[in-house]
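Engineer: no sequence on this one, just coordinates:
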């Protein structure tokens, strides 16, 4: 299945029960030559209404995080583990069977874009994309070489919105992305800790949402 076929199939997908709770399928968006690929957990209320990933307050936070490292939303491929909004207010986390149903679409997206770095937002995205059972607190901010690219686990946007300490960690993690994007693609499966370079005493550029 190629990218176009996957997108067409996903837009009418009924593989799991989430097809009954959605308004619109949120497949993903961004350039197919993007070097940075960001994966969240699932669409929320705003994403379900717009049919586009990372909307509302989470989207505003993401836009400011990207701007803090000199990037724009239209330079990045954005998607989620599942393409339909789970039920509940706030939505519950996707179930393993739902993640499995959507996994072929995610794998096609990654293969088509072939990014240098994949940012996994949150615990569930980290486990799915790294295949590891380590708690996020243990591997957050560490670049995991996998399939010729780096998976970079960090906190979820939703968690960071409501917890200032987590927001500070997310800012710090995003600040490391330029170095990681400039690095050579990995040739091993060992974990690589990308050193953080000092900013010559300048105040860091931080998102202005908070």
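Structural biologist: In hand now; what should we look at? Every value quoted in this text rests on a predicted model; they were computed, and no experiment measured them.
Engineer: where exactly do the helices run in the protein?
Structural biologist: 3-11, 45-50, 56-68, 96-113, 123-130, 136-139, 157-162, 164-174, 177-182 (DSSP state H).
Engineer: and the ones you listed: which comes nearest residue 85?
Structural biologist: Each of the helices of the chain has some distance to residue 85 by Cβ to Cβ; the shortest is helix 45-50, at 4.0 Å. All C-beta atoms are positioned from the backbone trio N, CA, C, and that covers glycine.
Engineer: now do the buried residues in that closest one.
Structural biologist: For helix 45-50, burial by neighbour count (16 or more other Cβ atoms under 10 Å) applies to 46-48, 50.
Engineer: for stretch 113-126, same thing?
Structural biologist: For stretch 113-126, a neighbour-count test (16+ other Cβ under 10 Å) marks 113, 115-126 as buried.
Engineer: turn those residues into TSV, including distance to residue 107 and pLDDT.
Structural biologist: Supplementary listing: the buried residues of stretch 113-126 in TSV, determined by distance: Cβ to Cβ, whole Å; pLDDT from 0 to 100:
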residue	distance to residue 107	pLDDT
113	11	95
115	13	95
116	17	95
117	17	97
118	12	97
119	17	98
120	14	97
121	18	97
122	19	95
123	20	95
124	16	95
125	14	96
126	16	95
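Engineer: can I get these in JSON lines including distance to residue 88?
Structural biologist: Formatted as JSON lines, the buried residues of stretch 113-126 follow (distance: Cβ to Cβ, whole Å):
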{"residue": "113", "distance to residue 88": "30"}
{"residue": "115", "distance to residue 88": "31"}
{"residue": "116", "distance to residue 88": "35"}
{"residue": "117", "distance to residue 88": "31"}
{"residue": "118", "distance to residue 88": "27"}
{"residue": "119", "distance to residue 88": "25"}
{"residue": "120", "distance to residue 88": "23"}
{"residue": "121", "distance to residue 88": "19"}
{"residue": "122", "distance to residue 88": "17"}
{"residue": "123", "distance to residue 88": "18"}
{"residue": "124", "distance to residue 88": "15"}
{"residue": "125", "distance to residue 88": "19"}
{"residue": "126", "distance to residue 88": "22"}
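Engineer: nothing else from me, thank you.
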